[in-house]
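Visitor: what follows is a predicted protein model with its sequence.
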Amino acid sequence: MAERCAVIGVGQTHHKSKRDDVSIAGLVREAAKMALADADLTWTDIDAVVIGKAPDMFEGNMMPELYLAPALGAVGKPMFRVHTAGSVGGSTALVAAHLISSGIHKRVLTVAYEKQSDSDAMWALSVPQPFAAPLLAGAGGYFAPHIRAYMRRSGAPEYIGRMVAVKDRKNAMRNPYAHLHIADIDMKMVEESMMLWDPLRYLEACPSSDGAAAMVLSSEDALSGQYPPAWIHGMAMRSEPTMFAGRDQVNPRAGRDCSADVYAQAGITDPRRQIDVAEVYVPFSWYEPMWLENLGFCDLGDGWKLTESGATAFDGDIPWNTSGGVLSSNPIGASGMLRFLEVAMQVRGQAGEHQIDGARVALGQAYGGGSQFFAMWVVGGDKP
Amino acid sequence: MSAAAARRTPRPVSIASFAQAHNVRRDDEHNEVEILMPVVAEVFGNIGITKDDIDFICSGSTDYLIGGPFSFVTALDAVGVWPPKSESHVEMDGAWALYEAWVLLQEGEIDAALVYSFGRSSPGNLNEILALQLDPYYVAPLWPDPVSLAALQARALIDAGKATEADFAAIASRSRRDALDNPKAQVANDIPAEKLLEDEYVVSPLRRHALPPITDGVAAIVLAAGDKARQWSEKPVWITGFDHRIETHALGARDLTSSPSTVRAAEGAGVSDGPIDVAEIHAPFAHQEIILKEALGLDDTVVVNPSGGPLAANPLMSAGLIRIGEAATRISSGRAHRAVAHATSGPCLQQNLVCVLEGE
């Protein structure tokens, strides 16, 4: 029987295009120290460190956990490195949580980061490989055709993507750590921004950010911290093959299976009614309506109608991406962990201006690769 | 509180099956998926199972060997995860992937896991690639290669009076002679140590024989717990202790002649709780076996690297996982009762993992 596990400390950097005031070690330490302070702990209280990031080629450091061990107080301790594509920030938190729920450790520090300004992610994503057709498209070029497929299937009007882009950037105005703060964002500004990958315009895409996220996870008998714990009610990962005939890339089965697993653990049968707030990996605007359907918040084909109705807005009945989401901050390796971290902040009541009153049950989701990797958790203010 | 005092009794988990590719200097004809597929088929076929019997998958690899991002993404096609599976990946040797799977099995909610690792060292220049593991601001720009760093460590060992060049040659000679009995080994021969000492230095004090070969290879292990452990093995080999630790990255701040992270991991895994018959030690350079043997607390009665060890085949990202597989095979074939397997990562043994295995 698994042990209970809770988030007792969170920390993140100010996310920016270039954090040239800090090294990579300085960046991860900034988030980690904030998480330790939030948990009322010091480095010596930590049993193990679990770190994650997206491909090493993004910064040009092979297995950077080796170099970062002393900066994260890991010397003499177990240090573990996770890499599962864009879902990695979420997967990293889950690997750390399993070290607690398995009974092996009492307190684990988990950290995720990306320092995108050290390199060019678009290049690193598109290195030609033998025997493989070169994509040379980056992530947006990969996902745009799937977005077109969604629009055709669901009959969604073109302006839905722009609505998501505006909504998440407005939420970011409430979050002092968000990368993008576009005070006068509106539908017209998004519509007039440059077309990048039809139908995605510049302001419908995530930024490139430097940033880090950190959490302290604890067992039930080692709780501490400035705020009440966020208890993990369910956690799951799912992967499916990248390419095969019949794969539904618009509504991937791995995402549906992953949410079914995590909902079963958390006792959720009606996500729209039972989940108070959700942070979902939406790097391109249209992924909000697509994931609304994939995560079971509505029937197939109705995701865009929920977005259009304002249900996912800050004052809607199921606020999505209250932090501003990936559309407002995208340190890739940390982007998944920021989703998991934001929902922990919400149920702990520490989200400040982006706090949803009375949030008790929250869903964090991250996806990666060509939407074939998923990681999710449900956290709650009540002990499971 | 010491690691030993804090130790809990783990849920019994068995090494139900192990397979590895033929370790070769260069496999130009197959990509990673093609090398993995027959090994995954073998690791399932050994015990008559399919992927449908597996609850969790974890793999270990590094993008820098293939020279592209997300090398684990296509590697997953070697298993074919449809319907979707619970799956994860570490940018570490497969021994750490095995650790992650073992952690999940500890919770008692799943009973079977597939672990695999892969890497082709041949396409790139390892001396350049591994220099990228170093501190990116102060060390990597100097491009210190792994052989030179290992040579610094070997020199420190000699200066401390803990070993001689003849000791390195003896280890290399023994390893490659033992590898004659390992059909998967890459370098196997019977050359006396005195003859090896006639080799030229590659980087003093390391002669060619003290270096690992450059290897393309993959490995896979199935872990089982609960009823499946008994169904899949008549005489299961159990993991009875498992721990891993890291040291500082700053080479100048370390005593390179010792391995305190291995000492702590061995304590956490309970190596000294009983006699050890055999040790499979991930010492890519001959002199590192001396450091690790001392850190693991092993005396001269322990058989070290009967497979030939990493001096006979050193597939990056798999050489640690293979140590666990080889140690388990030694027990399941009745030639040992209690074994220790070790894996390392980083320059000069910066990070170390220790796994204790026992038969019934």
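Guide: Sure, I can see it. Numbers count the residues shown, from 1 in each chain, chains lettered A, B, ... in the order given.
Visitor: what's the residue most central in space within chain B sitting at in phi/psi?
Guide: By CA atoms, centre = their mean, chain B has its centre lying nearest to B:Gly320, at 0.9 Å. Here is the backbone geometry of B:Gly320 (degrees, to the nearest 10): phi -70, psi -50.
Visitor: and it, what does it touch?
Guide: B:Asp93, B:Gly94, B:Ala95, B:Trp96, B:His282, B:His342, B:Ala343, B:Thr344, B:Ser345, B:Leu353 (CB atoms under 8 Å, 6 or more residues apart in numbering or on different chains). The way it works is simple: take the backbone N, C-alpha and C, and place the C-beta from them, glycine included.
Visitor: ok, now how distant is the second one from A:Gly11?
Guide: Taken as CB to CB, to the nearest Å, the spacing of B:Gly94 relative to A:Gly11 amounts to 32 Å.
Visitor: the more surrounded of the two?
Guide: B:Gly94 (31 against 24; other CB atoms under 10 Å in any protein chain shown).
Visitor: okay, now residue 306: neighbour count?
Guide: Picking chain A for this. 21.
Visitor: ah, no, chain B please
Guide: Neighbourhood size, B:Pro306 [other CB under 10 Å]: 22.
Visitor: which non-adjacent residue is nearest it?
Guide: Leaving aside its sequence neighbours, B:Pro306 sits nearest to B:Asp178 (CB to CB, 6 or more residues apart in numbering or on different chains; 5.4 Å).
Visitor: what about the helices in the stretch 251-384 of chain A?
Guide: Ranges of helices within the stretch 251-384 of chain A are A:253-266, A:271-274, A:287-294, A:303-309, A:332-348, based on DSSP state H, counting those that start in this stretch.
Visitor: tell me where the chain is predicted with low confidence.
Guide: With no chain named, the answer covers chain A. Per-residue confidence for chain A (pLDDT under 70) gives these ranges: A:1, A:131, A:134-137.
Visitor: meant chain B, my bad for not saying
Guide: Judged by pLDDT under 70, the stretches of chain B that qualify are B:1-7.
Visitor: what helix or strand does the closest residue to B:Phe118 other than its chain neighbours sit in?
Guide: In space, and not counting its chain neighbours, B:Phe118 is closest to B:Val218: 4.0 Å by CB to CB, 6+ apart. Using DSSP states H and E, B:Val218 falls within strand B:216-225.
Visitor: next secondary structure after that strand?
Guide: helix B:226-232.
Visitor: who's in contact with that following helix?
Guide: Residues from elsewhere that reach helix B:226-232 (CB under 8 Å, 6+ apart): B:12-14, B:16-17, B:47, B:49, B:53, B:108, B:111-112, B:222, B:224, B:236, B:238.
Visitor: and it, how far from the chain's centre?
Guide: 25 Å (CA atoms, centre = their mean, to the nearest Å).
Visitor: contact partners for A:Ile268?
Guide: A:Gly234, A:Val262, A:Gln274, A:Ile275, A:Val361, A:Val378.
Visitor: circling back: roughly how far out does the strand holding B:Val218 sit from the chain middle?
Guide: 11 Å.
Visitor: backbone dihedrals for B:Val303, both of them.
Guide: Torsion angles, degrees, to the nearest 10, at B:Val303: phi -80, psi 120.
Visitor: tell me the contacts of A:Trp286?
Guide: Residues in contact with A:Trp286 (CB under 8 Å, 6+ apart) are A:Ile147, A:Tyr150, A:Met151, A:Ile160, A:Gly161, A:Val164, A:Pro199, A:Leu200, A:Glu204.
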